[in-house]
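Asker: Pasting a predicted model and its sequence here:
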Amino acid sequence: MERAGVGDRWRPPRGRHRLPPEVVARSQRERLLEAAVRVVADKGYGAMTVGDLTKQAGVSRTTFYELFEDKEACFLAAYDNAVEVLVRRVMGAYESAQGWPDQAAAGLAALLDVLAAEPALARLSLVDIGNAGPAAQRRYRAAIQRLTPLFEEGRDFAPGGRNLPANTSRMAIGGVTGLISDELLAGRAERLPGLLSDVLFATLVPYIGPDAAAREVERLAR
Amino acid sequence: MNLSGLIEKERLPAGREDLAEPLIAHSQRERILVAMAGSCATKGYGATTIADICEPAGVSRATFYELFKDKEDCFHAAMEVSLADAMGRVLSVYSPDKPWATMVRDAAAEFLDLLASRPAFARMALVEAPASGDRAFELYASGKRVLQSLLDRGRDDPVEEEAIPSSAGRAALSGAESLIVGQILAGNAERLRELLPDIVYITTVPYLGQEEALRQSRQAEKSLESDMGQGARVRSLSPPGG
């Protein structure tokens, strides 16, 4: 490591060995965000208390309330983090492939892989978010919309794409997330990668119809 | 299995409302269920208190507890009534000699109509129930299975069935549901009918192919326009945030 961690190098001017408050706060915040993911996975959002979070993260209640207004705020911040990771991975995979059906397959495969590798994150992102009240639900829907290009570019690819209903991509996304949520609710996160042919079909069929979708699934996901 | 068979198999509630009850209690009960749905819509099920229900219903706490064991019991009763209504509406379009696509369109129209006419119940059933405990989730899921079985019947049409994954109907239903929920969350429940052409498309395309699904969707749009009066243009609704 070229640059030492702040904690190694930084020396307070008058010998008081303390990290700058904003650095301490940042790491406490990160610990609380990680704690939120774990606690939600263990007991669900509804049963999660601020006490669970402070205990898991090893911070005081006072610190918690300096950083977050309430458990919802902490949960939403954890959620935003999770979404950021997901979207980056999915869109990265999407952009590395050529041609829409191949790109969609690559993006969806990456999505399923991340979710399977991080079941706690998966539950938080796709299932528990629905249990955390209207603010969280709106957040969820906004996050999901960031994946829209993965779907909507099918419109340019499809011969009659311009004639498709305006909400085609919303419904295609809803189909994919619905299939994934069903799998998560059934406790089968580790089997998500096996869902690729189903979610790819659900993505392609509104744009190119069942015959072409089935052929592409055969080519890309078998 | 036909739909009524499935409704029986899913043990959907039907008889509960027919219990012989004094007329006054019946209407108190209804007012309570309406108040429950209303409170779910404004502050969510979790935050709802017995007082939130009793006050708009115009009943005392004592009356509430005569009719329901607790808040959860009341919530489940409200869900059961909603589900029985919805399944009754969907079942009303069922006819063995109707083409499948027509049945899907009619069922979707009935379902959207019901949701649009009762926005608070729509929100309770599709937004709150899936997230409010096992029993509520199971009620929500059993309704969904009935709708899914209606869609899965599209498989009887000879369109390369082998190649279509068995999850196609479930995916289409989730797609339609997410569009509906988006509108409810955006406060547009009373305009849910306008989603009919889109929902007809997504639910029929896996089985009928694009050309026929688009034709069905345009027909749905026409029926909607004539319902809404001459010259009324159906605008595609787009929820905020995208």
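Answerer: Received the coordinates, thanks.
Asker: any low-confidence regions in chain B?
Answerer: Applying pLDDT under 70 to chain B flags residues B:1-26, B:156-162, B:228-242.
Asker: so what's residue 167 closest to, chain neighbours aside?
Answerer: Because you didn't say which chain, this covers chain A. Sequence neighbours aside, B:Asp198 is the residue nearest to A:Asn167 in space, at 4.5 Å (criterion: C-beta to C-beta, 6 or more residues apart in numbering or on different chains). Where C-beta positions appear, they are placed from N, C-alpha and C, glycine not excepted.
Asker: um, chain B though
Answerer: Per C-beta to C-beta, 6+ apart, closest to B:Ser167 is A:Asp198, 4.5 Å.
Asker: Return the residues in contact with that neighbour.
Answerer: A:Leu179, B:Pro165, B:Ser167, B:Ala171 (C-beta atoms under 8 Å, 6 or more residues apart in numbering or on different chains).
Asker: okay, now the residue nearest to A:Asn167: neighbour count?
Answerer: 26 (other C-beta atoms under 10 Å in any protein chain shown).
Asker: And the helices in the chain, which stretches?
Answerer: Using chain A here. A:6-9, A:21-47, A:50-57, A:61-67, A:71-96, A:100-117, A:119-122, A:133-145, A:148-152, A:154-157, A:168-185, A:196-220 (DSSP state H).
Asker: wrong chain, I was asking about chain B
Answerer: B:3-9, B:23-43, B:50-57, B:61-67, B:71-92, B:100-117, B:119-123, B:134-152, B:168-185, B:196-208, B:210-227.
Asker: Can you check what angle separates the fifth one from helix B:50-57?
Answerer: Counting by axes from the mean of the first three to the mean of the last three C-alpha atoms, to 10 degrees, helix B:71-92 lies at 50 degrees to helix B:50-57.
Asker: which other helices and strands contact helix B:71-92?
Answerer: Applying 3 or more C-beta pairs under 8 Å, 6 or more residues apart in numbering or on different chains; DSSP states H and E, we find helix B:71-92 packed against helix B:3-9, helix B:23-43, helix B:50-57, helix B:100-117, helix B:134-152.
Asker: ok so, going back, the helices of chain B: which one's closest to A:Ala143?
Answerer: helix B:168-185 (13.2 Å; C-beta to C-beta).
Asker: show me where pLDDT drops low in chain A?
Answerer: A:1-19, A:130-134.
Asker: ok, the residue most central in space within it to chain B distance?
Answerer: Residue closest to the average C-alpha location in chain A (C-alpha atoms, centre = their mean): A:Val83, at 3.3 Å. Using C-beta to the nearest C-beta, to the nearest Å, A:Val83 is found at 13 Å from chain B.
Asker: State the distance from the spatially closest residue to that residue that is not a sequence neighbour to A:Leu86.
Answerer: Nearest non-adjacent residue to A:Val83, counting by C-beta to C-beta, 6+ apart: A:Ala143, 4.2 Å away. Distance of A:Ala143 to A:Leu86, given as C-beta to C-beta, to the nearest Å: 8 Å.
Asker: who has more neighbours, these two?
Answerer: Counted by other C-beta under 10 Å, A:Ala143 and A:Leu86 do not tie: A:Leu86 has more neighbours, with 23 against 19.
Asker: Surely the more buried one touches A:Val114?
Answerer: Yes. A:Leu86 lies in contact with A:Val114 (C-beta atoms under 8 Å); the separation is 5.9 Å.
Asker: Which neighbours do these two have in common?
Answerer: By C-beta under 8 Å, 6+ apart, the residues touching both A:Leu86 and A:Val114 are A:Leu121.
Asker: re the thing from before, can you name the residues that contact the residue nearest to the centre of chain A?
Answerer: A:Ser125, A:Ala143, A:Arg146.
Asker: Can you report how many residues neighbour the nearest residue to B:Glu55 once chain neighbours are set aside?
Answerer: Leaving aside its sequence neighbours, B:Glu55 sits nearest to B:Ala35 (C-beta to C-beta, 6+ apart; 7.7 Å). Around B:Ala35 there are 23 other residues, counting by other C-beta under 10 Å.
Asker: Against chain A, how distant is B:Ala35?
Answerer: 19 Å.
Asker: What residues does that residue make contact with?
Answerer: Contacts of B:Ala35 (C-beta under 8 Å, 6+ apart): B:Asp52, B:Ile53, B:Cys54, B:Glu55, B:Pro56, B:Ala57.
Asker: wait, which of those residues is closest to chain A?
Answerer: B:Asp52 (15.7 Å; C-beta to the nearest C-beta).
Asker: Next, find the distance separating the spatially closest residue to that closest one that is not a sequence neighbour from B:Pro56.
Answerer: In this structure, B:Asp52 finds its nearest non-sequential neighbour in B:Ser39, 4.3 Å apart by C-beta to C-beta, 6+ apart. Distance, B:Ser39 to B:Pro56, using C-beta to C-beta: 8 Å.
Asker: just B:Leu208 next, same as before
Answerer: B:Leu208 is 45 Å from B:Pro56, by C-beta to C-beta.
Asker: These two - which one has more neighbours?
Answerer: Legend: neighbour count by other C-beta under 10 Å for B:Leu208 and B:Pro56, higher for B:Leu208 (22 against 16).
Asker: how near is that one to chain A?
Answerer: 8 Å.
Asker: Could you list which residues are in contact with B:Leu195?
Answerer: A:Asn167, B:Leu112, B:Ala176, B:Leu179, B:Ile180, B:Gln183, B:Leu237.
Asker: need those in TSV with distance to A:Arg139 and neighbour count, can you?
Answerer: Formatted as TSV, those follow (distance: C-beta to C-beta, whole Å; neighbours: other C-beta atoms under 10 Å in any protein chain shown):
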residue	distance to A:Arg139	neighbour count
A:Asn167	20	27
B:Leu112	26	24
B:Ala176	22	27
B:Leu179	18	24
B:Ile180	19	22
B:Gln183	17	25
B:Leu237	21	18
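Asker: buried set for stretch B:207-219?
Answerer: B:Tyr207, B:Leu208, B:Gly209, B:Gln210, B:Glu212, B:Ala213, B:Leu214, B:Gln216, B:Ser217 (16 or more other C-beta atoms under 10 Å in any protein chain shown).
Asker: quick one on the thing from earlier: which neighbours do A:Ala143 and A:Leu86 share?
Answerer: A:Ser125.
Asker: hang on, the earlier thing: just the helices of chain B: most buried one?
Answerer: helix B:196-208 (a mean of 27; mean count of other C-beta atoms under 10 Å in any protein chain shown).
Asker: That one vs helix B:210-227, what angle?
Answerer: 150 degrees.
Asker: Just list what helix B:196-208 packs against, helices and strands only.
Answerer: Secondary elements touching helix B:196-208 (3+ C-beta pairs under 8 Å, 6+ apart): helix A:168-185, helix A:196-220, helix B:100-117, helix B:168-185, helix B:210-227.
Asker: Can you name the residues that contact residue 116?
Answerer: Went with chain A since none was named. Here A:Ala116 is in contact with A:Ala122, A:Ala189, A:Glu190, A:Arg191, A:Leu192, A:Pro193 (criterion: C-beta under 8 Å, 6+ apart).
Asker: wait, I meant chain B there
Answerer: B:Ala122, B:Ala189, B:Glu190, B:Arg191, B:Leu192, B:Arg193.
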